[in-house]
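Visitor: with the sequence up front, the predicted model follows.
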Amino acid sequence: MKFKTLSAMCLAATTVLATSSAMAWESEDGAHSVTANVLLGSDYVFRGVSQTDNNPTIQGGVDYGHATGLYVGAWASNVDFDDADFSSEFNLYGGFASEIGDTGIGYDIGAIRYYYPGTGGSADFNEIYGSLSYSFFTVGIAHTGNVFNGGEDATYYNVGFEYGLPYDVTFMAHIGYQDFDNEDQDGPSYKDYLIGVSKTMFDLDFALTWTDTDSDGEDFAGDKDLANNIFTFSVSKTF
């Protein structure tokens, strides 16, 4: 099952190999904007675990933003969870992102609804999230009281780092901890890690990432290959 939070909490865990076109719109006064993105990936990895059984993924999203920091959006992807009777994921989310005065500290708070078409709602659930960012660092937390629609609490903690290198290359690193309140029902709590680089060329965003989890993450995934030493290549575009 996939957990997703927005902004830096995601840390570009989605992987992409190609892109197609979309349209962007902004009001004359700059107060309103709409952007879209289309992704094709070698693997859809989130919080250290492949969501597509180590197979390619195609994804897309649309976002509305207001100058005040308010935003809402929708996002969709294919998924593959072994014998699960569904093959897609659809998210609706909204929140507020801005800075605290002139401190240079950014924040992002919001909520997301996970839909899995074909399940009759049996796997759908909500999650709230928040993050703070300053300079090269971001810290975040996401919480649900109904993980996997099973009535149990789960909280995800993460720290991210991004730093500009020569030739407009960005280095990124991340460590997270997925804490399940009921490990007997939802699986063991585990840590995940990400290291990667990204670069924009030809109006496309390329990235190469390595993701991994501890042994508990492998137990959670149920298959070592889904949560151990995964290298992914990506290219994406936002319009």
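Guide: Cool, the structure landed.

Visitor: so after the helix or strand where residue 161 lies, what's the next helix or strand?
Guide: In this assignment (DSSP states H and E), residue 161 forms part of strand 154-165. Using DSSP H and E, the helix or strand that follows strand 154-165 in sequence is strand 169-180.

Visitor: quick one: list the elements packing against that next one.
Guide: strand 154-165, strand 190-201 (3 or more Cβ pairs under 8 Å, 6 or more residues apart in numbering; DSSP states H and E). Using the backbone N, CA and C atoms, a C-beta is placed for each residue, glycine as well.

Visitor: got the CA coordinates for the following helix or strand past the last one in PDB?
Guide: This means strand 190-201. With elements assigned by DSSP H and E, the helix or strand that comes after strand 190-201 is strand 204-213. C-alpha atoms of strand 204-213 as PDB (Å, rounded to 0.1, in the frame of the first residue of the first chain):
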ATOM      1  CA  LEU A 204      12.800  18.200 -18.600                       C
ATOM      2  CA  ASP A 205      13.700  17.300 -15.000                       C
ATOM      3  CA  PHE A 206      16.000  14.200 -14.900                       C
ATOM      4  CA  ALA A 207      16.800  12.300 -11.700                       C
ATOM      5  CA  LEU A 208      18.700   9.300 -10.600                       C
ATOM      6  CA  THR A 209      17.900   7.900  -7.100                       C
ATOM      7  CA  TRP A 210      18.700   5.100  -4.800                       C
ATOM      8  CA  THR A 211      16.200   3.900  -2.200                       C
ATOM      9  CA  ASP A 212      16.400   1.300   0.500                       C
ATOM     10  CA  THR A 213      14.800   0.300   3.800                       C
END
